[in-house]
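[1] Model the structure of this input:
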Amino acid sequence: MRFSDIVGQEHIKEHLRTIVEQKKVSHAMMFAGPQGSGKLAMALAFAQYLNCSNPRNGEPCGVCNNCRKIESFNHPDLIFIYPTISSSKHKQHYSNNYIQEWQGMLSASPYFSLSEWLEKISGGQTNKQASIFKDDSEEIIRRLSVKSFESENRIIIIWQADKMNTVAANKILKILEEPQPNTYFILTTELPDIILPTIISRTQLVKFSGVKTTKILEWVQQKYPGLKEWQQINISKLADGNVIYAKQLAELYSRNETLEFFNMFVNLTRNAYIADFLKINDLVLSIDEMTTEQQKAFINYMTRMFRSAYLFNAKLPELTLLTEEETEFIKKFSKFVTIKNIENIYNLLNDTYYALTRNANKKILWTNTIIKIGIYLRRY
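    Predicted coordinates:
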């Protein structure tokens, strides 16, 4: 991973280059920021730059032994720690139990969410809870008790560090309190406020913000050249600084799943409004067959459609991003979305999205959501 592979965040790239060149790298850093801002990708690029034998023009060379092994995510002195799940297959809870799945995810893209990772390692059983267990912190202690294998520097990347359980966090704290030479920790998190304050105080904080829309557009154009220009522009704006969501949207457009979402949205709003419970039940069963990520993408799609309907009602159609088919439907549907119900609808969709991340019963969740949408729509 090179800095040039990361979407945006130029000021952070420059900061990391500078501290390496000036030999002022902290023994522990925390990359904190919203989902899709590139924290894991930056950690990988930074690790490679720090260990590269011959960096050039602010980038790792990509050809030395360290670079090649880090790029294959198989360097013995680059340790990955990430949330895992309890499983009868494994007596101990090590990240390395899932190293093949982890390497596969990174090889596909360093931009992925915790829920995508959970689906990968749980076989779709999204009711599993993820955590970083004490076994991983004990493994770090064991690894640090011996000399590094091939590099001068050893680097430990802890992805989603807020998922450390109490025992693991306290053991990590002890390591950070007694830093070893040429050993560097990079913790990434979307929720720094729930990490032990004592850990926060022993790391150098690097704050990430959402990626600029122009940078996401450039990335989409490069990665998905087959998409139409209006689709690329839509994705970059709807992503709202989140490259993970931009990737999900681009893949939906590529598979024409947005058309499926449109048809489902029309079906949902019509049957919710007339309270046809048999058809609502059929719709819930259809949604339940989708993966958690697809359901979350559908909620984002619904949010966009309700927003567009409200803007049409407010005589501001120029602020919407719709296809011709969506526009024709929203013109008629917009009278049902007003200042009387739009806030309730938004809050409901946000609550549904959050419940999905908390492994709620999806059939009960969606039944409740659709019925409430019908109630709100009849209040226009």
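
[2] So which residues of the protein form strands?
    With DSSP state E as the definition, the chain shows strands at residue ranges 28-32, 78-81, 154-158, 183-189, 204-207.

[3] could these go into TSV alongside mean neighbour count?
    C-betas here are computed from N, CA, C, even on glycine. Shown next, in TSV, are these (neighbours: other CB atoms under 10 Å):
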stretch	mean neighbour count
strand 28-32	23
strand 78-81	22
strand 154-158	24
strand 183-189	23
strand 204-207	14
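
[4] what would the ones you listed look like in JSON lines with mean pLDDT?
    What follows is the strands of the chain, written out as JSON lines (pLDDT from 0 to 100):
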{"stretch": "strand 28-32", "mean pLDDT": "96"}
{"stretch": "strand 78-81", "mean pLDDT": "94"}
{"stretch": "strand 154-158", "mean pLDDT": "93"}
{"stretch": "strand 183-189", "mean pLDDT": "95"}
{"stretch": "strand 204-207", "mean pLDDT": "95"}
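
[5] Pipe those strands into a markdown table and attach distance to residue 338 per row.
    Output for the strands of the chain, formatted as a markdown table (distance: least, CB to CB, whole Å):
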| stretch | distance to residue 338 |
| --- | --- |
| strand 28-32 | 39 |
| strand 78-81 | 49 |
| strand 154-158 | 47 |
| strand 183-189 | 39 |
| strand 204-207 | 38 |
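
[6] For residue 92, find the nearest of these.
    Closest to residue 92 of the strands of the chain is strand 78-81 (CB to CB; 13.8 Å).

[7] Quick check: can you name the pairing partners of that closest one and their directions?
    Taking DSSP bridges as the criterion, strand 78-81 forms sheet pairs with strand 154-158 (parallel).

[8] CA atoms only: put the partner strand into CSV for me.
    The C-alpha atoms that make up strand 154-158 are tabulated as CSV, following Å, rounded to 0.1, in the frame of the first residue of the first chain:
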residue,chain,number,x,y,z
ARG,A,154,8.1,-4.0,14.4
ILE,A,155,4.7,-2.6,13.8
ILE,A,156,1.4,-3.6,15.4
ILE,A,157,-1.8,-2.4,13.7
ILE,A,158,-4.9,-2.7,15.9
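
[9] so what's residue 22 scoring on pLDDT?
    For residue 22, the pLDDT comes out at 91.

[10] residues contacting it?
    By CB atoms under 8 Å, 6 or more residues apart in numbering, the contact list for residue 22 is empty.

[11] Distance of it relative to residue 15?
    Counting by CB to CB, to the nearest Å, the gap from residue 22 to residue 15 is 11 Å.

[12] got it, and residue 98?
    Counting by CB to CB, the gap from residue 98 to residue 15 is 32 Å.

[13] which residues of the stretch 51-200 of the chain fall in helices?
    Taking DSSP state H, counting those that start in this stretch to define them, one finds helices in the stretch 51-200 of the chain at 65-71, 99-108, 114-122, 134-144, 166-177, 197-200.

[14] Quick check: which of these is nearest to residue 327?
    Relative to residue 327, the nearest member of the helices of the stretch 51-200 of the chain by CB to CB is helix 114-122, separated by 31.4 Å.

[15] What mean pLDDT does the closest one get?
    In this model, helix 114-122 carries a mean pLDDT of 84.

[16] With stretch 245-263 instead?
    Rounded mean pLDDT across stretch 245-263 is 82.

[17] Please apply the same query to stretch 54-61.
    Average pLDDT, stretch 54-61: 91.

[18] Show residues contacting that stretch.
    So stretch 54-61 is contacted by 2-4, 13, 17, 20, 45, 48-49, 51-53, 63-64, 67, 70 (CB under 8 Å, 6+ apart).

[19] Please repeat the previous calculation with a cut-off of 7 Å.
    If you take CB atoms under 7 Å, 6 or more residues apart in numbering as the criterion, stretch 54-61 is touched by 2, 3, 4, 17, 48, 49, 52, 64, 67.

[20] cool, stretch 283-290 as well?
    Here stretch 283-290 makes contact (CB under 7 Å, 6+ apart) with 267, 268, 271, 295, 362, 363, 366, 367, 370.

[21] now stretch 103-120
    1, 35-36, 40-41, 44, 73, 83, 101, 126, 128, 130, 160, 243-244, 247, 291-293, 357.

[22] One more: stretch 130-142?
    79, 81, 83-85, 92-95, 114, 118, 156, 163-165, 167-168, 171-172, 175.

[23] Show me how the record splits the protein into domains.
    Domains of the chain are assigned by automatic domain parsing as 3-207, 211-254, 256-377.

[24] follow-up on the earlier one: counting neighbours around each, name which of residue 98 and residue 15 comes out higher.
    residue 98 (21 against 12; other CB atoms under 10 Å).

[25] Contacts only, for the more buried one.
    Per CB under 7 Å, 6+ apart, neighbours of residue 98: 84, 121.

[26] Now do it against residue 123, distance only.
    12 Å.

[27] With residue 300 instead?
    Residue 300 is 25 Å from residue 123, by CB to CB.

[28] got it, and residue 77?
    Separation of residue 77 from residue 123 (CB to CB) stands at 32 Å.

[29] Tell me which of these two has more neighbours.
    residue 77 (22 against 8).

[30] Does the more buried one touch residue 147 like I think?
    No. If you go by CB atoms under 7 Å, residue 77 and residue 147 don't touch, sitting 9.9 Å apart.

[31] got the phi/psi numbers for the spatially most central residue of the chain?
    Geometric centre of the chain, nearest residue: residue 113, 3.0 Å, by CA atoms, centre = their mean. Dihedral pair for residue 113: phi -90, psi 170, per degrees, to the nearest 10.

[32] What about residue 197, how many residues nearby?
    9.

[33] Look up the pLDDT of it for me, please.
    pLDDT at residue 197 comes out at 92.
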